[in-house]
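Asks: Fold the following and give me the result.
(chains A and B)
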Amino acid sequence: MQITLIIIPYLLLAINYLSLFLLGIASIFLLMRIYSAYVYKAPLDFSTILYVFYIPELITGPFRDYSSWNNKIERATLIATSIKILYALIFILLSGFIYSKVIPFYNNILYVSLITYLTLYIQFSFMSELANAISLFLGKSYVVNFNKPLLATSVNDFWTRWHVSLGMFSKKYINQPLTFYLSKKIKSKVVPYMASILITFLFIGLWHNLSPNYLLFGLYFGIVVLLERQFYSKVFNKVSNYKLRQISGILYTQSVHLIGFSFVTEFVQKIIIQP
Amino acid sequence: MNIENIVKTLISDYFKVEIEKVMDVTTASDIEGWDSLSHTELLLELEGKLDISFELSDLMEMDNVGSLIKIIECK
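Replies: This is a model prediction of the structure:
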């Protein structure tokens, strides 16, 4: 039972790649929800089936944890929902249109990465807003998926603000149990922590796509987070002025992220919606 | 001391935050420094102090301080 719980998330990735032909991108969200329901020992009833196949969040997320599935909230009105959907669609299409017009003028990988990254942020966050607007209309709670990631002051902080629901899934179902499990087995503090951070980020990387680029993406961020734990406060605490420390933290984070993002820019360009 | 007090005192001492700030709805992201390593250390300390043993499924169901207390109470 113990080891099964740890292995399952990686099996989910494998099943996801096998099932891509049948279910497309939706399969990984479907599998993550099955896993969450399994952990919470959800009864096999209509509500659980509805949770697993909850369509508004099936294609682009956000991932909704089973623990919050039965939270009832006051339903949003049709007018408010329609406005939110329209608003999100306009931003998604407009950013895609601008992207298609701007990108041919740039060849430098860092410029292309920066523009692709910003467009992805706009499109992905508004897709989450779109899914959330439908959920609120159906009486389901709001799932935070983006929390001002451009203001993150460290890479560690960034991953708690960008694609929050995937970060939450990885932390809750992979990183923390794995650190705990390895700590008991290895009787060391540092090794389990380092191993579980690296494995978690490899999971996050490969979650997006099974390719060497995403493997490198995951490994890169895993190593950066480990280095940050060791050196971040030593370096940034030297800046005594609070505002200056915040600004330098933001600049550092976005620069480091841009380098990591450039590994996968080519792949992301294919998923940007361009009207 | 009841379980709730033991857990909240331990969290308050470990992360050096006021005990009033450790509420049932408090999550790891609300407290600075509460990462997977400190989470593990905290749980291992609770295991030793209360003579209990956490399952991996328990860890996955820990959403906030309140759910941690409930899980311990069910042991």
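
Asks: got any ranges where the chain has weak pLDDT?
Replies: Went with chain A since none was named. Along chain A, segments meeting pLDDT under 70 span A:1, A:20-25.

Asks: ah, I was thinking of chain B
Replies: B:1.

Asks: try 80
Replies: For chain B, the stretches flagged by pLDDT under 80 are B:1, B:75.

Asks: residues from it in reach of chain A?
Replies: B:29, B:35-37, B:39-41, B:43-44, B:54-57, B:59-63 (CB under 8 Å from any CB of the partner chain). (Glycine included, C-beta is placed from N, CA and C.)

Asks: Filter these down to just the ones in strands.
Replies: Using DSSP state E, no member of the residues of chain B next to chain A falls within strands.

Asks: which among these end up buried?
Replies: B:35-37, B:39-41, B:43, B:54, B:56-57, B:59-63 (16 or more other CB atoms under 10 Å in any protein chain shown).

Asks: Mind checking which of those residues are in helices?
Replies: Judged by DSSP state H, the subset of these located in helices is B:36-37, B:39-41, B:43, B:56-57, B:59-60.

Asks: Around chain B, pick out the residues from the stretch 101-250 of chain A.
Replies: A:160, A:171-173, A:175-177, A:179-181, A:183-184, A:189, A:192-193, A:196-197, A:229.

Asks: quick one: the strands in chain A?
Replies: According to DSSP E, chain A contains no strands.

Asks: ok, A:Ile174 - contacts?
Replies: A:Ile174 is in contact with A:6, A:9, A:196, A:199-200, A:203, counting by CB atoms under 8 Å, 6 or more residues apart in numbering or on different chains.

Asks: picking up where we left off before, of the ones in helices among the buried ones among the residues of chain B next to chain A, which is the nearest to A:Tyr117?
Replies: Ranked by distance to A:Tyr117 (CB to CB), those are led by B:Ser36 at 27.0 Å.

Asks: Show the contacting residues for residue 39.
Replies: Picking chain A for this. A:Val39 neighbours (CB under 8 Å, 6+ apart): A:5, A:66, A:173, B:57, B:60-61.

Asks: look at chain B instead
Replies: A:176, A:179-180, B:28.

Asks: how about the helices in the stretch 51-200 of chain A?
Replies: For the stretch 51-200 of chain A, the helices defined by DSSP state H, counting those that start in this stretch cover A:78-102, A:109-137, A:155-158, A:164-170, A:176-186, A:190-208.

Asks: Could you give me the buried positions within the last one?
Replies: In other words, helix A:190-208. Buried, per 16+ other CB under 10 Å, within helix A:190-208: A:192-208.

Asks: Same question for the fifth one.
Replies: Neighbour-count burial for helix A:176-186, counted by 16+ other CB under 10 Å, picks out A:176-184.

Asks: now those residues in TSV, with distance to A:Ser82?
Replies: Listed next are the buried residues of helix A:176-186 as TSV, based on distance: CB to CB, whole Å:
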residue	distance to A:Ser82
A:Gln176	40
A:Pro177	42
A:Leu178	43
A:Thr179	45
A:Phe180	46
A:Tyr181	47
A:Leu182	49
A:Ser183	50
A:Lys184	52
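
Asks: thought A:Thr60 was touching A:Ser125?
Replies: No: counting by CB atoms under 8 Å, A:Thr60 stays clear of A:Ser125, with 10.4 Å between them.

Asks: So A:Phe169 is in contact with A:Phe63, correct?
Replies: Yes: with contacts counted by CB under 8 Å, A:Phe169 reaches A:Phe63, the gap being 5.3 Å.

Asks: Which one's more surrounded, the two?
Replies: A:Phe169 (26 against 20; other CB atoms under 10 Å in any protein chain shown).

Asks: May I have stretch A:134-149 exported as CSV, CA atoms only?
Replies: The C-alpha atoms that make up stretch A:134-149 are tabulated as CSV, following Å, rounded to 0.1, in the frame of the first residue of the first chain:
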residue,chain,number,x,y,z
ILE,A,134,-18.0,27.8,-15.7
SER,A,135,-17.3,26.1,-12.3
LEU,A,136,-18.6,29.1,-10.4
PHE,A,137,-21.7,29.0,-12.5
LEU,A,138,-22.1,25.3,-11.6
GLY,A,139,-21.7,26.0,-7.9
LYS,A,140,-18.1,24.7,-7.7
SER,A,141,-15.4,26.6,-5.8
TYR,A,142,-12.7,28.7,-7.6
VAL,A,143,-9.4,26.9,-8.1
VAL,A,144,-6.4,29.2,-8.0
ASN,A,145,-4.0,28.4,-10.9
PHE,A,146,-2.0,31.7,-11.3
ASN,A,147,-1.1,34.0,-8.5
LYS,A,148,0.9,36.9,-10.0
PRO,A,149,3.9,34.7,-11.1
